[in-house]
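A.B. asks: task: produce atomic coordinates for the following.
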Amino acid sequence: LDWIVQRTNFIDKQLDAFLQDTVGSASASSRRQVLVLGLGYDTRCLRYGKQPFLDFYCVDLPSVASNSQKIIDWYMSEIPNHSSEPKKPIFIYFDLNDVFTNKSESILQVASKKGFVTDGSIPTMVICEAVLFYLIPDAARKITTELFQLSSSSSSSRFCFTDNLSKVGVMPGGGSGGPPQVVVRARCESWLKGNNKELIDHDSIWGGAIHFVGAKERIGMEDASSAS
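C.D. replies: This next block holds a predicted model:
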């Protein structure tokens, strides 16, 4: 299961970069937030739980999120010195397919009811960890399109996908542009550019069946000129 180690290291790398870039942020008293889609039984929210002003919002199916919450609650109850315990994550019980199949509230509407800030006013990182390939294509497209609107007013926001991207139009396999690893990167970059995002880190396995993507807000020419 080397690819799981690779996935874990890649996400940690993107999260570390996000935290480094947002140290001392002046927005909302330096508050930062991470939205995790497809929490499963991941414990990253505990490993990073002592970071100052950092809130984790963890989304998964009600049955999965409920079990994960019980495990984390048990772990935190076993810490002898409660002053050293990590900050408890906020769990969001939600079937992501419902954004399309049941025409329910959007993922951001659901998350905002738990305190997640959706107006782009504070630094935000979105982690999509092996969840898109469980979704129907319409739900996957709707969710990613909505999430990409988060950073409209916060250039410090980041996105991390460790997932199959075929349901959002990024198909695996090579082509006239070269071998699979080269071609799928170009396809991924084009998809991000169409959503005004910049690819900052990328890898892939199994001919592009799984992507490891780090992205951020794309700075336009005028912004780039003024920044220099």
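A.B. asks: where do the helices sit along this structure?
C.D. replies: Using DSSP state H, the helices of the chain run over residues 2-21, 44-47, 62-77, 98-101, 107-112, 137-147, 180-194, 221-227.
A.B. asks: I'd like those helices laid out as a markdown table, including mean pLDDT, distance to P123 and mean neighbour count.
C.D. replies: No exception for glycine: its C-beta is placed from N, CA and C like everyone else's. Supplementary listing: the helices of the chain in a markdown table, determined by pLDDT from 0 to 100; distance: least, CB to CB, whole Å; neighbours: other CB atoms under 10 Å:
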| stretch | mean pLDDT | distance to P123 | mean neighbour count |
| --- | --- | --- | --- |
| helix 2-21 | 95 | 7 | 15 |
| helix 44-47 | 94 | 17 | 18 |
| helix 62-77 | 94 | 24 | 14 |
| helix 98-101 | 94 | 25 | 17 |
| helix 107-112 | 95 | 16 | 19 |
| helix 137-147 | 96 | 15 | 18 |
| helix 180-194 | 96 | 19 | 18 |
| helix 221-227 | 43 | 17 | 9 |
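A.B. asks: to Q33, which of these lies closest?
C.D. replies: helix 107-112 (9.4 Å; CB to CB).
A.B. asks: so what does the closest one touch, helix or strand wise?
C.D. replies: strand 54-60, helix 137-147 (3 or more CB pairs under 8 Å, 6 or more residues apart in numbering; DSSP states H and E).
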